[in-house]
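> Next comes the sequence, and after it the predicted model I'd like to discuss.
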Amino acid sequence: MVAGAAARQGTLALIRSAIQMVLQQAKRENLPIPGLRREDYEQKKRPAINWNDPDARAALLQELVNDADTCHGFYDGEEPKGSEGFKQRLSLLSLVATQDVTKAEDGKVTITQGTAPDRIISTVDPEMRHGRKTTSSKFDGYKTHLAAQNVAPTEGPRLITAVVVTGGNVADGDVASALLKERQELTGAMPNEMMGDTSYGSTNVAEKVAEVAPDIKITAPVPPSNNRHGLFPKTAFIIDTQNLTVTCPAGQTTSYQPKRQRRNHKADQVVIMDSAVCAACPMREQCVKGKGARTIRVRADEAQIQERRAKQETDDWKIHYNERSRIEHVVNAEITRHGGRQGRYWVDICLTNHWDFMIVLPDEVCLSGVWHKAKAIRDGQTRDSQLGQTLVNRWGDRLQNFWWANYIVYTWKDHDGIAHHTYSFSGLPGDMARRRNH
């Protein structure tokens, strides 16, 4: 879990911020500005409405969505206008203006109940997501998925062999195949075994991993079978896949017929217990909520799941699986020690540690948070000085506009071990660096 550095924004703030980003970029590229209902997009403070009044918030939502639609109709024609960066901002506006909104036939909009899948929660950092560490612990940010060698402390260092970063809403097991691909690309080899928690123990994960590494062994507990209502879980029932019967905790047995296998469909079977027996059962309150009989889903791979559950209860399996904890403790300690649990813009880290840095980005949409920080540094410099002045230089066939946000000093050693210090600072457009050797 990595907490995001950007602030989480609500629906109204998301749409308004995205419109502001589109209009700001349009002005930079000298594009025409459409006529919009609201005229306060150049103001940083939030709109002056009665935020305690639901009708006022609803009216603001309607205006923002209408202005977002106007921007799309104005810019996104048969021949879209603007640079690639401008189109990316327009696409971001389209996403945030529709993800939380339901539009009626008459054009009236309301906020949709619930949370949209893969919902964007910040225009400053559009890639961060809602996530859950546990069922009760939520966070906004990212997940860092790591693969490390399983070696004993006496056998050598435990090297991290793959790293994949995703939004906070991505399940751990969904990244298993991506981790293996990353490991093979970095090390040139696949591991013989992959160990993980219950997120890696599902059949779906095993199938995806088999597509990448058919011979790899997965050691992970089968996901537990819980009942959210506190009733008997599925594991309390005896499922006999050979004789096609299901026996409940009260000892009543129901037989079922195997489901016909269909192409590209899993032959899961829903077994309905005898309703008359369930109605008179003294354990009904512990088994069924509401009317009707208890149902049990028998998966197509039920026999394999039962076999794996039985195996993970053996002493040999438990001793082997305990090796995973020593790797996890080391990895977690290293991430925490280096501040990896809290996402921070790297510009802040450089300033805090008085490090020199250079920013090279293709446009202002890429890592917009970094752009905001760099511009704040530039605006703090006096324009009479050489820092902050926009310069132009040709790098091969590419003409680049740039400016220095701070003095950058490179320290390096040649093949004789002599240290050199290169001061990258430009006062004239054609003079890219002044070098002084020590």
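Nice, I can see it.
> From here on, just use CA atoms for contacts and neighbour counts.
Fine.
> Pull out the buried residues from whichever strand or helix holds residue 92.
Assessed by DSSP states H and E, residue 92 sits inside helix 84-96. By 16 or more other C-alpha atoms under 10 Å, the buried positions in helix 84-96 come out as 85, 86, 87, 89, 90, 91, 92, 93, 94, 95, 96.
> do stretch 202-221 as well
Buried-residue list, stretch 202-221, by 16+ other C-alpha under 10 Å: 205, 206, 208, 209, 213, 216, 218, 219, 220, 221.
> gap between the first one and residue 185?
This means residue 205. Separation of residue 205 from residue 185 (C-alpha to C-alpha, to the nearest Å): 20 Å.
> so where do the helices sit in this structure?
Ranges of helices within the chain are 11-28, 54-75, 84-96, 176-187, 203-212, 275-280, 302-311, 315-321, 323-337, 346-352, 368-380, based on DSSP state H.
> how about the ones you listed, which one is nearest residue 45?
helix 11-28 (10.5 Å; C-alpha to C-alpha).
> Which elements pack onto the closest one?
Contact analysis of helix 11-28 by 3 or more C-alpha pairs under 8 Å, 6 or more residues apart in numbering; DSSP states H and E lists helix 54-75, helix 84-96 as its packing neighbours.
> Check the offset of the longest one from the chain's centre.
The one in question is helix 54-75. Taking C-alpha atoms, centre = their mean, to the nearest Å, one finds helix 54-75 lying 28 Å from the centre of the chain it belongs to.
> Flag every buried residue along it.
58, 60-68, 70-72, 75.
> Pick out whichever of these sits closest to residue 281.
Of the buried residues of helix 54-75, the one sitting nearest to residue 281 (C-alpha to C-alpha) turns out to be residue 58, at 51.8 Å.
> Can you tell me the closest non-neighbouring residue to that closest one?
Among residues not flanking residue 58 along the chain, residue 110 sits closest, at 7.2 Å (C-alpha to C-alpha, 6 or more residues apart in numbering).
> Just to check, the one you found is in contact with residue 60?
No: under the criterion of C-alpha atoms under 8 Å, residue 110 is not in contact with residue 60, lying 10.8 Å apart.
> re earlier: partners of the residue nearest to residue 58 in the sheet?
Beta-bridge partners for residue 110, by DSSP bridges, are residue 102.
> follow-up on the earlier one: right, and the helices and strands packed on helix 11-28 - which one's nearest residue 138?
Ranking these by proximity to residue 138 (C-alpha to C-alpha) places helix 84-96 first, at 21.5 Å.
> and that closest one, C-alpha only, in CSV?
Provided in CSV are the C-alpha atoms of helix 84-96 (Å, rounded to 0.1, in the frame of the first residue of the first chain):
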residue,chain,number,x,y,z
GLU,A,84,-1.5,15.5,-27.9
GLY,A,85,-1.3,17.0,-24.4
PHE,A,86,-4.5,19.0,-25.0
LYS,A,87,-6.3,15.9,-26.3
GLN,A,88,-5.3,14.0,-23.1
ARG,A,89,-6.8,16.7,-20.9
LEU,A,90,-10.0,16.6,-23.0
SER,A,91,-10.1,12.8,-22.5
LEU,A,92,-9.6,13.2,-18.8
LEU,A,93,-12.5,15.7,-18.7
SER,A,94,-14.7,13.2,-20.5
LEU,A,95,-14.0,10.5,-17.9
VAL,A,96,-14.5,12.6,-14.8
